[in-house]
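Participant: how would this look folded up:
(one chain, ligands or ions: 1)
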Amino acid sequence: MSSQDKIYTDYFYHEVDFDKNHFRYQELHIPAGVAPAPLAVPPVLKPDKVDGNDVWFTIESQAGESQILPGHKTKTWGYNAPLLGQTLVLKTGQHVHVALKNSLPELTTYHWHGMEVPGPITDGACHAPVYPGETKNIEFTVNQPAALTWLHAHPCPSTAAQVWMGLAMGVVVTDDNEAKLPIPKSYGVDEFPIILQDRSFHEDNQLDYERDYDPMGVFGNVPMINGVVRPYVDVTTQKVRLLFLGGSNRREWRLHFDKDLVMTQIAGDDSFLAHPVKMTKLLVGPGERLQVVVDFKDYHDGDVVNLYTDDFKLISFKIHQFEPDYSVIPDTLFEPVDPVVDRDREIRYITMDEHNMMNGKQFSMSRIDLKTEVGKAEYWDVKNTNTSDQGMLHPFHIHGGHFLVISRNAHEPNPNEIGVYKDTVEVAPKETVRIKVFYPLTGIFMYHCHVIEHEDAGMMAQIQVYDPKEPDKHYHLMDMATLTKAFAEERGIKESEVWMPGMCTEGFGPEPTTSASTGASMHHEHHAMKMAMPHHEVNASSGASKHEAPKPVVTPHHEPDTSSAASHH
Ligand SMILES: [Cu+2]
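Facilitator: Residues are numbered from 1 along each chain as shown. Below is the predicted model:
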């Protein structure tokens, strides 16, 4: 029996843990007057220059305006585009030179999520700021299998705010293995990147992240799929490959088609699956990428097949005439290297805890939490310690490397996470996921929850991956004082007025009384942030301005408040 004969019909997670059951969950809706529109397919970014195996690109962060809703355009940010970006296509083996240009009014960083690049500068998290008007150059060799990875801003603790404005784009790695596979691969014809996001729009159709801020994670109430609210796809081939990217700050996408049309998952975050997995339901968490092939053979010219998240219609596929396609997805797509873990190597224990902590601590840019030798695989047991009945799925992500999922609570992992390189894995409340981690390159790398508000607020830590010849290599690291000063100068305000969503860790930021933001108010509370509030205290969607919102609950103690409606973190 082939692995493809079995069809899975569940999301592999318990419904009680889904974000829709959470405090302040926002239902999606289509605002009045939004007409169906073709799915935008980001253009492929053209290189500045190609010379043999070397290729040069410029990626420019820029501010612009986008017609997302009828009426006023929305002020947005993007890469070589007003919103999101173009798609960067790289080939395994290429040596890539990138000029990172910042034309935004404030500092940003360029993080290669899923790419095996050295840290901390090339990796592009908070230690690698590019200031307004500056261009910085990086280079790296692509040394990983075909995958959809992505580039996004990562200036912790303002990552979420910049991604919310639009700083995210697809980075597709191709290789010889993919070229040989009989799967759809005509970009924009039968292969579509699908960046799944949600946003809320305020007066004049503008985004207002600070108003929407919620340390438990920000939901938007309008879908934005490749920047389009109500997209359709013209299907002109029998088989179509969809490259889903979980680009929301918080929302999980629970995808399924009309009549439970089968999706054949062929790839995960950082590689193809060893063997394809057929399913009718697919959960895409923040930061994750999952590629599926759908076969429209039972449909005809004029039919429409819809893709939903829960019961909300997300994308319509309009079937046109197509040639029959007798190709068969092979039983083996990829042969992952399964590195050996040295017998004396100890298991690492990582916890994602309430109050946005990791291993009981909030993130500090200047603290190295772990050290490991480059190229040595090791097991990590990643545990979600949420115990309240509203505990969330936390998508655990590592920079700079990849992992194999070994087990969940000592049982088999989900079928679609076997034999695939991943960098982000959903961990359910009270669950321990064992992963086999492999860092191929040296540097300092973050690992964190990819609910972006959680990472900004502290559910993040750093590992130094060292060469044994240089175990104590010193890196120049960013710090909150420098970051706050830079944002103050760029925004023309005092340092004490700088608001960053998750600047909780080192005691910077405005006084609690001057801001309604739950996050800002908690900055001074260091390790005692109270992430949970009763419904009547703070309502992120109330529309109250930052000077009118009710005073958030701040508990200057470590003890969880068991009377609270939801103490997730
Ligand atoms: Cu989280």
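
Participant: So which residues of the stretch 51-200 of the chain form helices?
Facilitator: Secondary structure of the stretch 51-200 of the chain, counting by DSSP state H, counting those that start in this stretch: helices at 159-165, 176-180.

Participant: Tell me which of those sits nearest to Phe403.
Facilitator: Nearest to Phe403 among the helices of the stretch 51-200 of the chain is helix 176-180 (20.1 Å), distances taken as Cβ to Cβ. For the C-beta atoms, the positions are set from N, CA and C on the backbone; glycine is no exception.

Participant: what's that closest one in contact with?
Facilitator: 92, 145-146, 185, 272, 334 (Cβ atoms under 8 Å, 6 or more residues apart in numbering).

Participant: quick one: buried residues of the top helix by length along the chain?
Facilitator: Determined from DSSP state H, the single longest helix within the chain is helix 480-491. The neighbour-count check on helix 480-491 (16 or more other Cβ atoms under 10 Å) flags 480, 483-484, 486-487 as buried.

Participant: What is the nearest of those to the ion?
Facilitator: Met480 (21.2 Å; Cβ to the ion).

Participant: now that closest one: how far from Pro82?
Facilitator: The spacing between Met480 and Pro82, counted by Cβ to Cβ, to the nearest Å, is 31 Å.

Participant: now swap in Pro330 and tell me
Facilitator: Per Cβ to Cβ, Pro330 is found 40 Å from Pro82.

Participant: Those two: which is more packed in?
Facilitator: The neighbour comparison of Pro330 against Pro82 (other Cβ atoms under 10 Å) goes to Pro82, with 20 against 16.

Participant: That one and Ser61 touch, don't they?
Facilitator: No - using Cβ atoms under 8 Å as the test, Pro82 is too far from Ser61 to be in contact (11.3 Å).

Participant: can you pull the pLDDT of the residue of the stretch 251-400 of the chain found nearest the ion?
Facilitator: Nearest residue of the stretch 251-400 of the chain to the ion (Cβ to the ion) works out as His394 at 3.4 Å. Here, the pLDDT recorded for His394 equals 97.

Participant: How about Glu497?
Facilitator: Glu497 is given a pLDDT of 89.

Participant: Show me where the chain has its helices.
Facilitator: With DSSP H as the criterion, the chain has helices spanning 159-165, 176-180, 209-212, 452-456, 480-491, 518-521.

Participant: Mind exporting the C-alpha coordinates of the fifth one to PDB?
Facilitator: C-alpha atoms of helix 480-491 as PDB (Å, rounded to 0.1, in the frame of the first residue of the first chain):
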ATOM      1  CA  MET A 480      17.600  48.300  24.200                       C
ATOM      2  CA  ALA A 481      19.200  51.700  25.000                       C
ATOM      3  CA  THR A 482      20.600  52.000  21.400                       C
ATOM      4  CA  LEU A 483      17.400  50.800  19.900                       C
ATOM      5  CA  THR A 484      15.200  53.200  21.900                       C
ATOM      6  CA  LYS A 485      17.500  56.100  21.100                       C
ATOM      7  CA  ALA A 486      17.400  55.300  17.400                       C
ATOM      8  CA  PHE A 487      13.600  55.100  17.300                       C
ATOM      9  CA  ALA A 488      13.300  58.300  19.300                       C
ATOM     10  CA  GLU A 489      15.500  60.200  16.900                       C
ATOM     11  CA  GLU A 490      13.800  58.700  13.800                       C
ATOM     12  CA  ARG A 491      10.400  59.500  15.100                       C
END
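
Participant: Could you pull up the mean pLDDT of it?
Facilitator: Averaging pLDDT along helix 480-491 gives 91.

Participant: tell me which parts of the stretch 251-400 of the chain are close to the ion?
Facilitator: Proximity of the stretch 251-400 of the chain to the ion (Cβ under 5 Å from the ion) is limited to residues His394.

Participant: run the last query once more with 6 Å
Facilitator: Counting by Cβ under 6 Å from the ion, the residues of the stretch 251-400 of the chain close to the ion are 352, 394.

Participant: can you give me the strands in the stretch 251-400 of the chain?
Facilitator: With DSSP state E, counting those that start in this stretch as the criterion, the stretch 251-400 of the chain has strands at 253-257, 263-267, 272-279, 282-284, 289-295, 304-309, 312-319, 348-353, 357-358, 370-373, 378-384, 394-398.

Participant: ditto for the stretch 101-250 of the chain
Facilitator: Going by DSSP E, counting those that start in this stretch, the stretch 101-250 of the chain shows strands at 111-113, 135-141, 147-152, 168-174, 191-199, 222-225, 231-235, 239-246.

Participant: Quick one, which of those gets closest to Phe322.
Facilitator: The nearest among these, by Cβ to Cβ, is strand 231-235 at 7.0 Å.

Participant: which one of the contacts of helix 176-180 sits closest to Val235?
Facilitator: Nearest to Val235, judged by Cβ to Cβ, of the contacts of helix 176-180 is Lys185 at 15.7 Å.

Participant: where's the closest one relative to the ion, distance?
Facilitator: Relative to the ion, Lys185 is positioned 34 Å away (Cβ to the ion, to the nearest Å).

Participant: Also Leu477?
Facilitator: Applying Cβ to the ion, the value for Leu477 to the ion is 23 Å.

Participant: list the contacts for that residue?
Facilitator: 120, 127, 365-366, 444.

Participant: What sits closest to the residue of the stretch 101-250 of the chain found nearest the ion if chain neighbours are left out?
Facilitator: Closest to the ion within the stretch 101-250 of the chain is Gly217: 7.2 Å, counting by Cβ to the ion. Excluding its sequence neighbours, the residue lying closest to Gly217 (Cβ to Cβ, 6 or more residues apart in numbering) is Arg250, at 3.0 Å.

Participant: what's the burial count for the closest residue to His256 other than its chain neighbours?
Facilitator: Nearest residue to His256 in three dimensions, chain neighbours excluded: Lys281, at 4.9 Å (Cβ to Cβ, 6+ apart). By the measure other Cβ under 10 Å, the count of residues near Lys281 is 15.

Participant: Which pLDDT value belongs to Lys281?
Facilitator: As predicted, Lys281 sits at a pLDDT of 98.

Participant: now the one 10 residues further on
Facilitator: The per-residue pLDDT reported for Gln291 equals 98.

Participant: What sits closest to it if chain neighbours are left out?
Facilitator: Using Cβ to Cβ, 6+ apart, the nearest residue to Gln291 is Ala267, at 3.8 Å.

Participant: Distance from the chain centre to stretch 292-308, please.
Facilitator: 28 Å (Cα atoms, centre = their mean, to the nearest Å).

Participant: List the buried residues for it?
Facilitator: Going by 16+ other Cβ under 10 Å, stretch 292-308 has these buried residues: 292-296, 299, 305-307.

Participant: closest to Pro339 among the residues you listed?
Facilitator: Distances from Pro339 to the buried residues of stretch 292-308, taken by Cβ to Cβ, are shortest for Val292, at 27.5 Å.

Participant: so who does that closest one touch?
Facilitator: Applying Cβ under 8 Å, 6+ apart to Val292 gives the contacts 241-242, 244, 263-266, 282.

Participant: Switch those residues over to TSV; also include distance to Gly400 and neighbour count.
Facilitator: Compiled in TSV, the contacts of Val292 are given as follows (distance: Cβ to Cβ, whole Å; neighbours: other Cβ atoms under 10 Å):
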residue	distance to Gly400	neighbour count
Arg241	27	21
Leu242	27	22
Phe244	23	25
Met263	30	27
Thr264	30	20
Gln265	25	23
Ile266	25	26
Leu282	27	23
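
Participant: Thank you kindly, that will do.
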